[in-house]
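>>> Build me a model:
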Amino acid sequence: MNSAPPESSAPAVVPESPDTLDRAAFLKAAAILGGAAALGAVALVSGKRTRISNEPTGEASVRQVPGLDSVPVGRDSDPLLRMQKELARAMDKPVEQRHWMMVIDTRKCVGCHACTIACVAENKLPPGVVYRPVVTEEIGRYPNVALRFTPRPCMQCEQPPCTPVCPVKATWKRPDGIVAVDYDKCIGCGYCITACPYNARTRDAGEFYTEQTPALQPYEQQPNFEYGKHWKRQGHRSPIGNARKCQFCLHRLEVGMLPECVTSCIGRATYFGDGNDPESLVSELAAKPNALRLLEEKGTKPNVVYLI
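Numbers count the residues shown, from 1 in each chain. Next comes the predicted model:
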């Protein structure tokens with residue numbers, strides 16, 4: 001698929017005047033990358049705005065826009081720049097050769113819940129369905145008391161306890177490590193929800209935020225895009241009644257964009273990349289002595305690592 005749709009499909013975007021892009025401008029562009037999917041996927045590269053296809057096929061992606069490789073990335077650069085370039089490198093490999101993982105630095109998390117809200121907006125999640133909650137704990141003893149915040153997405157376990165209990169095989173582990181759900185197969189039995197020791201799955205009960213108001217608001221009737229398909233929540237159709245979970249924003253990865261929780265984190269506390277790449281930022285961080293995985297004694301081998 002071509003990276004640019006026909007000119008008639010979208011209004012023209014006026015190019016920027018500079019021929020070159022300095023670091024400050026590109027940092028601004030990197031921030032724009034986080035919301036580009038919702039805004040029609042417009043990337044700012046090489047001093048020009050390049051429109052990218054809305055079709056989540058994996059072919060039209062930010063990684064194919066010329067100019068990204070020429071941006072210098074050093075130790076003092078925004079980690080989003082490094083992760084974006086590493087994502088482009090990973091997407092050039094066959095799916096079975098990449099292995100997605102996430103690192104969360106709890107020392108940097110300020111409990112703002114920006115990742116939670118961004119995830120809800122990105123995935124159009126209804127009441128009761130949360131892919132990225134932030135657990136708040138009070139630690140210490142008075143008067144030396146503090147709050148600790150722990151974002152808790154799906155762990156995308158190497159040995160996921162949720163998959164073998166599904167009676168209809170509606171949930172499985174992809175070659176790239178993401179645990180997926182087939183909404184068309186899911187019967188809503190809830191076995192996987194019970195089996196998950198991280199409480200990372202929730203059931204879509206078919207509720208709407210504005211259902212008790214005079215009119216259901218249009219934004220709640222918009223279909224969400226997951227697993228390569230648009231899903232419109234109405235009646236008893238999927239995903240209503242299904243078990244739902246974080247999938248590392250798979251629809252964004254397939255068009256060369258980082259997960260929404262990564263780009264929306266104001267403290268840069270969340271890192272994402274290919275664990276099979278020894279030079280990736282996540283591989284570097286996961287090897288640190290202060291890295292740990294939740295409930296390691298369960299033998300689930302999570303692909304989400306925490307720095308403490």
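>>> how many neighbours does residue 139 have?
For residue 139, the neighbour count with other CB atoms under 10 Å is 9. (Each C-beta comes from the backbone N, C-alpha and C, glycine too.)
>>> what's the helix or strand for it?
Element membership for residue 139 (DSSP states H and E) is strand 134-141.
>>> Which residues belonging to that strand are considered buried?
By 16 or more other CB atoms under 10 Å, the buried positions in strand 134-141 come out as residue 134.
>>> Who are the packing partners of that strand?
Applying 3 or more CB pairs under 8 Å, 6 or more residues apart in numbering; DSSP states H and E, we find strand 134-141 packed against strand 144-151.
>>> Can you tell me the strand partners of the strand it packs on and which way each runs?
According to DSSP bridges, strand 144-151 forms sheet pairs with strand 134-141 (antiparallel).
>>> pLDDT below threshold where in the chain?
1-76 (pLDDT under 70).
>>> And the helices in it?
In the chain, the helices defined using DSSP state H lie at 23-35, 79-91, 114-123, 191-195, 250-253, 260-264, 281-286.
>>> Please dump the ones you listed into TSV; it should also carry mean neighbour count and distance to residue 181 for every row.
Output for the helices of the chain, formatted as TSV (neighbours: other CB atoms under 10 Å; distance: least, CB to CB, whole Å):
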stretch	mean neighbour count	distance to residue 181
helix 23-35	17	25
helix 79-91	21	22
helix 114-123	20	13
helix 191-195	18	8
helix 250-253	22	11
helix 260-264	26	18
helix 281-286	19	24
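>>> in terms of contact, does residue 131 touch residue 152 like I think?
No - the pair residue 131 and residue 152 fails to qualify as a contact (CB atoms under 8 Å) at a distance of 9.8 Å.
>>> Outline the domain layout of this protein.
Per the record, the chain has its domains at 7-72, 100-307, by automatic domain parsing.
>>> Select, out of those domains, the one closest to residue 88.
Nearest to residue 88 among the domains of the chain is domain 7-72; the distance by CB to CB comes to 3.3 Å.
>>> sorry, back to before: tabulate the domains of the chain in a markdown table, adding columns for distance to residue 79.
Output for the domains of the chain, formatted as a markdown table (distance: least, CB to CB, whole Å):
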| stretch | distance to residue 79 |
| --- | --- |
| domain 7-72 | 10 |
| domain 100-307 | 6 |
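>>> Just want the most central residue of this protein.
In the chain, the residue lying closest to the centroid (CA atoms, centre = their mean) is residue 259, at 2.7 Å.
>>> Please name the nearest non-neighbouring residue to it.
residue 249 (3.8 Å; CB to CB, 6 or more residues apart in numbering).
>>> Quick one: the strands in the stretch 201-308 of the chain, in order.
Secondary structure of the stretch 201-308 of the chain (DSSP state E, counting those that start in this stretch): strands at 201-203, 224-226, 229-231, 243-245, 270-274, 291-292, 304-307.
>>> Let me know which of these is tucked in deepest.
When the strands of the stretch 201-308 of the chain are scored by mean count of other CB atoms under 10 Å, the highest mean neighbour count falls to strand 270-274 (a mean of 26).
>>> Okay, angle between that one and helix 114-123 too, please.
60 degrees (axes from the mean of the first three to the mean of the last three CA atoms, to 10 degrees).
>>> relative to helix 79-91, how tilted is strand 270-274?
Using the same axes, to 10 degrees: strand 270-274 against helix 79-91 is 20 degrees.
>>> Need the residues that contact strand 270-274.
79, 83, 86-87, 89-90, 93, 98-105, 115, 151, 248, 258-259, 261-262, 280-283, 285 (CB atoms under 8 Å, 6 or more residues apart in numbering).
>>> Also stretch 291-305?
Residues outside stretch 291-305 that contact it (CB under 8 Å, 6+ apart) are 99-104, 152-161, 177, 197-198, 275, 282, 285-286, 306-308.
>>> of those, buried ones?
The buried subset of these - by 16+ other CB under 10 Å - is 99-104, 152-157, 160-161, 177, 197-198, 275, 282, 285-286, 306-307.
>>> Count the residues that sit near the residue nearest to residue 168 when sequence neighbours are not counted.
Residue nearest to residue 168 in three dimensions, not counting chain neighbours: residue 185, with 5.3 Å by CB to CB, 6+ apart. By other CB under 10 Å, the residues close to residue 185 number 14.
>>> quick one, what contacts residue 185?
Residues in contact with residue 185 (CB under 8 Å, 6+ apart) are 168, 169, 170.
>>> how about the helices of the chain, which one is nearest residue 220?
Closest to residue 220 of those, according to CB to CB: helix 114-123, at 11.6 Å.
>>> tell me what that closest one is packed against?
Contact partners of helix 114-123 among helices and strands, from 3+ CB pairs under 8 Å, 6+ apart: helix 260-264.
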